[in-house]
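[1] how would this look folded up:
(2 chains)
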Amino acid sequence: MNKPVRKIMVYVDGSEESIIAAQYGICFAKSMGAEFFVLYVVNTRALADLVSARIFLEAEEEEYKKDLDLDADRYLNHVSQLAAKVGVDVNLLRASGSISVEIKNATKKHEVDLLIIGELSKTLSRRDELYNETERAMRSVNCSVLIVKDEERVLELYNRLI
Amino acid sequence: MAIVDLIATNVIRVPLKSNTKTEVIRELIEVLDKAGKIEDAESVFKAVIARENMGSTGLEKGIAVPHAKTEKVKKLTLAIGISSVGIDFDSLDGEPSKLFFLLLAQPSQSGPHIEALAEIARITRSQSFCRLLINAKAPEEVIDLFRDE
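    You can find the predicted model right below:
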């Protein structure tokens, strides 16, 4: 019988929730023997929106773009180290643009069958449904989606593998 | 992260007591200080003022979004202030600002910082929602508006 999950992708954005999701993804990939991908999206779409809304100056857009590039290196490297500690190989992916679009593109390109994301807001407003990029990605990808909750349990699972 | 996850009654000041741009920034930082969200109010104040000196974050229609990166916050932090009279914030349209979003983030948290600012940018596009916020009389009312919107 084919494995139900062969390729897992975790989306990380630097938030604590996304790092916990990555740790769960590592545990899941190890137990399933699945290929593991981690994606960071440099959100250039939001940067452009902020300049357009005049919240950012153009110089600020450049500065934050550099920060995001550094964050991408930092968090991809961090997840890579977390995976290495428990003997899981990881494929590091980075993209630029709109988060929801790039997540969808990456799941399609790499034929991911399970997308893992961090815990979403407990309070859902109508605006979140329309605009939250991770929510939008969750709704638009073609593969199954797993939302990681219960940080303590995830850390316990991960630490057991070390 | 959704804006609604960043706000609680102790980070919302309605109405603001300040009358000037510098005062309102200081007042919102004091709100965050009292709420235990920042470590060094003076350092945070300097970071926000340094950003304002590059160009005002006073937008149109009575909205201002002062923001800064600083090591003096543990995580992404937002304060909301509403002024009933309006404050000169060197805004783009020259109108006094009434609705203030003060956002602070760790330098290493650019992703969530930018997403939160982008959400605020989207909020500012809805004139009707901003009007409701500006007319709010209490912090609880502001939170309800974000939850119900």
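
[2] Would you report the backbone torsion angles of the residue lying closest to residue A:83 once chain neighbours are set aside?
    Leaving out its chain neighbours, the residue that sits closest to residue A:83 by CB to CB, 6 or more residues apart in numbering or on different chains is residue A:90, at 4.2 Å. Using the backbone N, CA and C atoms, a C-beta is placed for each residue, glycine as well. Dihedral angles of residue A:90 (phi, psi; degrees, to the nearest 10) stand at phi -130, psi 140.

[3] How far away from the center of its chain is the longest strand anywhere in chain B?
    Ranked by residue count, the top strand of chain B under DSSP state E comes out as strand B:77-87. Put simply, strand B:77-87 sits 7 Å off its chain's centre (CA atoms, centre = their mean, to the nearest Å).

[4] what comes up buried for that strand?
    B:77, B:78, B:79, B:80, B:81, B:82, B:83, B:87 (16 or more other CB atoms under 10 Å in any protein chain shown).

[5] State the mean pLDDT of it.
    Taken as a whole, strand B:77-87 has an average pLDDT of 96.

[6] who touches the one helix or strand residue A:102 maps to?
    Following DSSP states H and E, one finds residue A:102 within helix A:99-109. Identification of contacts with helix A:99-109 by CB atoms under 8 Å, 6 or more residues apart in numbering or on different chains yields A:9, A:11, A:13, A:37, A:39, A:41, A:43, A:45-46, A:93, A:95-96, A:112, A:115, A:133-134, A:136-137, A:140-143, B:115.

[7] I'd like the distance from that helix to the chain centre, please.
    The chain centre lies 11 Å from the centre of helix A:99-109; the measure is CA atoms, centre = their mean.

[8] phi, psi of the closest residue to residue B:55 other than its chain neighbours?
    Computed as CB to CB, 6+ apart, the closest residue to residue B:55 that is not its neighbour in sequence is residue A:57, at 4.9 Å. As for residue A:57, its main-chain torsions (degrees, to the nearest 10) stand at phi -80, psi 160.

[9] Let me know the pLDDT of residue A:57.
    So, for residue A:57, pLDDT stands at 91.
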